[in-house]
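Q: What follows is a predicted protein model with its sequence.
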Amino acid sequence: MVGSGRGARVASVSVDLDSLECYFRIHALEGMPSADVRYTILQRCLPRFRELFARHALRATFFVVGRDLAEDPAGAAVLAALSRDGHELANHSYSHPYDLVRLGPVAIASEIDRAHLAIAACGGAAPVGFRAPGYEISGDVIDILSARGYRYDSSAFPSAAYYGAKAAVMGAMQLVGRKSGSFLGSPRVLMAPRRPYHPSAGAPYRQGKLDIVELPMAVTRWMRWPVIGTSLITAPEWMRKRMVAAALREPFFNLELHGIDLCDAEVDRIPAELVARQPDLRRPLSVKLAALDDTLAEIAAAGARFQRLAEVASHAAATA
C-alpha cells in the first residue's frame, strides 16, 4: 500500500491535456475552435502549469493525446521541455475517443499503440501509464495495457456525485435534441476501491491479481465527492479546503487536473459558446491559479511527498 499511518504520505498531480475540440464534442457545439485558439491547451496553458509546478518544486504527470503532437509541433516542443525537466508523459489515447471501450480490441489497441509511439518520440522515453478518455475503461482496455507491459492505469473515478452529474447533463441535452459526444460508462466504477489496487482480468473495477496497478482519482471517503481540479477551482474557499483536507487523510492523494483549468477565457480568446457551458472558464485565471497554489501548499504542509504516478505505481507493485 502507498503510505501508511495517519495523514497522506504521497501525493501525485496529473494533468489531462484534452484539447478544446474535446469540449466542443462534450457540449455538442457546432463547428470546432478556430485555428488561432485550437492549440491553446498545449501552447498557452502548459507553460502556466510549468511555472505553477516549478513554484512548488514538484514533478507532475501529463496525459498526452498522441494526435496533438503531430498537429501542434509548438505544443510538442513544450511537452518535450517538460519531459527534460523531469515531468512524466503518459498515454491518453491517440485521438481521445470518449467511447473508447466500445471500439473493440483492435481499435483500442491502435489508439494505445499510436499514442505510445508518438509520446515516446516526443519525450524520449516510452510511457508506462494510461488514462482513458472520459475515465471510461473496460476489461479489454486493461488486458491490452497489461499485455504491453504498462505499469499503471489511472482512469477509475469512483465518484457517485460525478457520475450522477454527468448522467443528468447528458440526459438533459438529449431531451432538447442535442447529443453529447461524451459517454456514460459502467456504474460498476462506483464500487471500485478508492486506493491503489491490482485489477482483476476482465473486471477493471474489482481487486484482482494483474501486474498492472490501478491508481484511482481522489474522492472523499464517505460521500465520494470528486477532489479534482474542476471542483477545487469552482468551489468556495471553505469547501475547497475541506475537500483537500479530506483527501489528505488518505495514504495517497491522486489530484487530477485538466489543461483547461488554467485557461484564461479572455486572453486565450475562448469561444463564447464554450465559455457559456463551462463554469470553470468563467473563473478568472488569477482565481484559478490561487486555488491551485493554495492546494499544492496545503498538500506540502501536510507532509505529503509529491511523486509522479509512475513512481507511485512502482512502489505499489513492490509492496503489494
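A: That came through, no problem.

Q: I'd like the next helix or strand past the helix or strand harbouring D143.
A: In this assignment (DSSP states H and E), D143 forms part of helix 139-147. Scanning forward in sequence from helix 139-147 by DSSP H and E, the next helix or strand is strand 152-153.

Q: Could you list every helix and strand in contact with that following strand?
A: Judged by 3 or more CB pairs under 8 Å, 6 or more residues apart in numbering; DSSP states H and E, strand 152-153 is in contact with strand 129-130, helix 139-147, strand 213-214, helix 309-319. From N, CA and C alone the C-beta is placed, and that goes for glycine too.

Q: then the last one to PDB, C-alphas only?
A: Think helix 309-319. As requested, the backbone C-alpha atoms of helix 309-319 are provided in PDB (Å, rounded to 0.1, in the frame of the first residue of the first chain):
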ATOM      1  CA  LEU A 309       2.300   8.400 -11.000                       C
ATOM      2  CA  ALA A 310       4.900   6.000 -12.400                       C
ATOM      3  CA  GLU A 311       6.800   6.200  -9.100                       C
ATOM      4  CA  VAL A 312       3.600   5.600  -7.100                       C
ATOM      5  CA  ALA A 313       2.800   2.600  -9.300                       C
ATOM      6  CA  SER A 314       6.300   1.100  -8.900                       C
ATOM      7  CA  HIS A 315       6.100   1.400  -5.100                       C
ATOM      8  CA  ALA A 316       2.500  -0.100  -5.000                       C
ATOM      9  CA  ALA A 317       3.600  -3.000  -7.100                       C
ATOM     10  CA  ALA A 318       6.600  -3.700  -4.900                       C
ATOM     11  CA  THR A 319       4.700  -3.600  -1.700                       C
END
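
Q: mean confidence score for that helix?
A: Helix 309-319 shows a mean pLDDT of 91.

Q: List the buried residues of that helix.
A: By neighbour count on 16 or more other CB atoms under 10 Å, the buried set for helix 309-319 is L309, A310, E311, V312, A313, S314, H315, A316.

Q: nearest to Y98, of the residues you listed?
A: Minimum separation from Y98 among the buried residues of helix 309-319 (CB to CB) is found for L309, which lies at 21.8 Å.

Q: List the contacts of the biggest helix by length in the chain.
A: Across the chain, the longest stretch assigned as helix under DSSP state H is helix 105-123. With CB atoms under 8 Å, 6 or more residues apart in numbering as the test, helix 105-123 has contacts from 64-67, 69-70, 76, 79-80, 83, 89-95, 97, 100-101, 103, 126-127, 130, 140-141, 144-145, 148.

Q: packing partners for the helix or strand bottoming out on mean pLDDT in the chain?
A: Using mean pLDDT, DSSP states H and E, the weakest-scoring helix or strand in the chain turns out to be helix 35-38, at a mean of 79. Contact analysis of helix 35-38 by 3+ CB pairs under 8 Å, 6+ apart lists helix 20-26 as its packing neighbours.

Q: So for the helix it packs on, mean pLDDT?
A: 95.

Q: quick one: low-confidence parts of the stretch 1-150 of the chain?
A: Low-confidence segments of the stretch 1-150 of the chain (pLDDT under 70): 1-8.

Q: Can you list the residue ranges for strands in this protein?
A: 10-16, 61-64, 88-91, 129-130, 152-153, 199-200, 203-207, 213-214, 252-258, 305-306 (DSSP state E).

Q: so how far is the fourth one from its chain's centroid?
A: Read it as strand 129-130. Mean-position distance between strand 129-130 and its chain equals 11 Å (CA atoms, centre = their mean, to the nearest Å).

Q: Number the chain from 458, please
A: Done: numbering now begins at 458, and the last item shifts to strand 586-587.

Q: Not counting that strand itself, show me its contacts.
A: 518, 520, 545, 547-549, 569, 598, 602, 607-612, 766-767, 770.

Q: cutoff 7 Å now
A: 518, 547-548, 569, 602, 607-611, 766-767, 770 (CB atoms under 7 Å, 6 or more residues apart in numbering).

Q: could I get the residues you listed as CSV with distance to R507?
A: Listed next are the contacts of strand 586-587 as CSV, based on distance: CB to CB, whole Å:
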residue, distance to R507
T518, 14
A547, 16
N548, 20
I569, 26
L602, 28
Y607, 26
R608, 24
Y609, 23
D610, 25
S611, 21
L766, 18
A767, 19
A770, 23
